[in-house]
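Participant: When you get a sec, could you give me coordinates for this:
(2 chains)
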There are 2 protein chains.
Amino acid sequence: MFKEALQGVVDGTDGGLAGLLMDFEGIPVESYARDDSGGFDIEAVGAEVSVVVKAIQRATEMLEAGETREVAFKSEKMVTLIRIINNNYFLALTMSPDGNFGKGRFMLRVTAPKLVDELS
Amino acid sequence: MFKEALQGVVDGTDGGLAGLLMDFEGIPVESYARDDSGGFDIEAVGAEVSVVVKAIQRATEMLEAGETREVAFKSEKMVTLIRIINNNYFLALTMSPDGNFGKGRFMLRVTAPKLVDELS
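Facilitator: Numbers count the residues shown, from 1 in each chain, chains lettered A, B, ... in the order given. From the prediction side, this is the model:
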């Protein structure tokens, strides 16, 4: 179920490389990488990303900005999009810098609610 | 010069609330908030954001993903877009969640190179 959801997000996004469902302790629940992603280490990405997401959650809490919903960061070699599912889990999608960013956001936005029940 | 650049970014973005030029130690160089932003505390945002940006830079370094260029995070009450200028400084734009995200990214992207010379 989780694998299929991740595959749907990654394969449904032009430039999608890998997807990950992870908890905020940095422990992966499920991951999926495209065969042609060149052995992309999505779990290494996820472990780093969980640190970033925690920093962002602390920041939005301090600023009383409400719950964090989405995070994106772009570097020279990849773009990582994150969608917070609930207080314990998040979805991450890593794509190439020339991938379809808007489609990636859309795919995460429609997929996250489908996973909420099973992750509560 | 910096003030004008920030004002251009904020006023040029539908839903823009405030802009900030800050170094990675969390020390603000310049800031600008729209009169109608309700006393928005952009420097408090900046101080929190600098922690997030540092976490992201560590993550991208660990992952050998190249230099971080852009970061965005969206919570219930605001969207914050960040554009890295160089190794020492970044630009941040805070906007309302229903603001024009794409225009904000564009304004930051065209403004950052104009500030590089003066910040090197």
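Participant: pull the helix or strand with minimum mean pLDDT from chain A.
Facilitator: None of the helices or strands of chain A scores lower by mean pLDDT, DSSP states H and E than helix A:42-62, at a mean of 77.
Participant: ok, residues contacting that helix?
Facilitator: Helix A:42-62 is contacted by residues A:17-20, A:22-26, A:28, A:31-33, A:65-68, A:71, A:73, A:80, A:82, A:84, A:90, A:92, A:94, B:44, B:48-49, B:51-52, B:55-56, B:58-60, B:62-63, B:73, B:75 when judged by Cβ atoms under 8 Å, 6 or more residues apart in numbering or on different chains. The C-beta positions use only the backbone N, C-alpha and C, and glycine is treated the same way.
Participant: I'd like to know which residues of chain A are adjacent to chain B.
Facilitator: Applying Cβ under 8 Å from any Cβ of the partner chain, one finds that chain A approaches chain B through A:44-45, A:48-49, A:51-52, A:55-56, A:58-60, A:62-78.
Participant: Buried among those? Need that as a selection in PyMOL.
Facilitator: Typed into PyMOL, the line below selects the buried ones among these, using 16 or more other Cβ atoms under 10 Å in any protein chain shown:
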select buried, chain A and resi 45+48+49+51+52+55+56+59+60+63+65+68+69+70+71+72+73+74+75+78
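Participant: Can you tell me the centre-most residue of chain A?
Facilitator: Taking Cα atoms, centre = their mean, the centroid of chain A lies closest to residue A:92, which sits 0.9 Å from it.
Participant: Count residues in the vicinity of residue A:41, would you?
Facilitator: Other residues near residue A:41 number 15, with proximity taken as other Cβ atoms under 10 Å in any protein chain shown.
Participant: What helices and strands are in contact with the next helix or strand after the least confident helix or strand of chain A?
Facilitator: Tracing the chain past helix A:42-62, the next element assigned as helix or strand by DSSP states H and E is strand A:68-75. Of the remaining helices and strands, those touching strand A:68-75 by 3 or more Cβ pairs under 8 Å, 6 or more residues apart in numbering or on different chains; DSSP states H and E are helix A:42-62, strand A:79-84, helix A:101-116, helix B:42-62, strand B:68-75.
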